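Asks: got a predicted structure plus its sequence, pasted below:
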Amino acid sequence: MRALKTALVALSALASVSGPGMAADAKRPQLSRSSSEVACLAEAIYFEAGGTGAKGQAAVAHVVVNRAQNRKFPNSVCGVVGDGCQFSYKCDGRSDALADAKRRGHAIEVAQAVLSGSPDITNGALFFHSAQAKPGWFKSRPRVGVIGGNVFYR
């Protein structure tokens with residue numbers, strides 16, 4: 001919760017994120033671009049993809065958004081990010097404070113871009129893991145590819 005508050009404070013200094021939802025796609029509901037949704041997505045980017053470069057960060061962000069648009073997952077970005085231990089940083093016992101201002105700023109920029117409708121470079125991926133991790137049950141899922149050091153699956 002502290003991490004979310006920290007991100008929200010950082011967001012208040014940025015330009016407004018209100019406006020139309022994601023790019024038009026009849027099959028997908030529009031997601032909120034509220035400051036809380038941007039903050040939740042930025043938090044996931046910060047911790048799950050902070051060192052993967054802009055493309056890797058966008059890919060992780062799209063997984064979160066794709067899940068929020070899929071009936072098998074919670075129907076909001078914050079719901080997806082807060083869904084148990086789906087993302088390793090949520091259950092690692094470490095602080096969830098977005099302490100590095102530069103990294104936090106990049107994560108917020110990527111979150112805003114993805115929620116504004118930037119193209120999904122994952123082609124609908126719902127899952128990912130580090131390329132260094134053993135895939136386990138992911139082997140049964142269609143593999144999209146490797147982006148920013150993570151392997152993505154539909």
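Replies: Looks like it came in fine. Note that the coordinates shown come from a computational prediction; the quantities given were computed from them, not determined experimentally. Residues are numbered from 1 along each chain as shown.
Asks: surely residue 129 forms part of a strand?
Replies: Yes. Secondary structure of residue 129 (DSSP: H, G, I helix; E, B strand; the rest coil): part of a strand.
Asks: isn't it up against residue 151?
Replies: Yes. Counting by C-beta atoms under 8 Å, residue 129 touches residue 151, with 5.8 Å between them. (Each C-beta comes from the backbone N, C-alpha and C, glycine too.)
Asks: so for these two, which sits in the more crowded spot?
Replies: Using other C-beta atoms under 10 Å, the more surrounded residue of residue 129 and residue 151 is residue 151, with 19 against 15.
Asks: for the more buried one, helix, strand, or coil?
Replies: strand.
Asks: and for it, nearest residue in space, chain neighbours not counted?
Replies: residue 131 (5.3 Å; C-beta to C-beta, 6 or more residues apart in numbering).
Asks: in contact with the most centrally placed residue in the chain, which residues?
Replies: Closest residue to the average C-alpha location of the chain: residue 61 at 2.9 Å, with C-alpha atoms, centre = their mean. Contact partners of residue 61, counting by C-beta atoms under 8 Å, 6 or more residues apart in numbering, are 41, 44, 45, 49, 110, 111, 114.
Asks: pick the one among those closest to residue 93.
Replies: residue 44 (17.5 Å; C-beta to C-beta).
Asks: my guess is the closest one meets residue 88, correct?
Replies: No. Residue 44 is beyond contact range of residue 88, at 10.6 Å (criterion: C-beta under 8 Å).
Asks: what about these two, which has more around it?
Replies: residue 44 (25 against 12).
Asks: so that one is in which element?
Replies: Using DSSP states H and E, residue 44 falls within helix 35-49.
Asks: now that helix - C-alpha only, PDB.
Replies: Extracted C-alpha coordinates of helix 35-49, given in PDB (Å, rounded to 0.1, in the frame of the first residue of the first chain):
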ATOM      1  CA  SER A  35      -4.000   7.700 -11.500                       C
ATOM      2  CA  SER A  36      -4.400   4.600  -9.400                       C
ATOM      3  CA  GLU A  37      -4.400   2.300 -12.400                       C
ATOM      4  CA  VAL A  38      -1.300   4.000 -13.800                       C
ATOM      5  CA  ALA A  39       0.300   3.700 -10.300                       C
ATOM      6  CA  CYS A  40      -0.500   0.000 -10.100                       C
ATOM      7  CA  LEU A  41       0.900  -0.700 -13.500                       C
ATOM      8  CA  ALA A  42       4.000   1.400 -12.900                       C
ATOM      9  CA  GLU A  43       4.600  -0.500  -9.700                       C
ATOM     10  CA  ALA A  44       4.500  -3.900 -11.600                       C
ATOM     11  CA  ILE A  45       6.800  -2.500 -14.300                       C
ATOM     12  CA  TYR A  46       9.200  -1.100 -11.700                       C
ATOM     13  CA  PHE A  47       9.600  -4.400  -9.900                       C
ATOM     14  CA  GLU A  48       9.100  -7.000 -12.600                       C
ATOM     15  CA  ALA A  49      10.800  -5.200 -15.500                       C
END
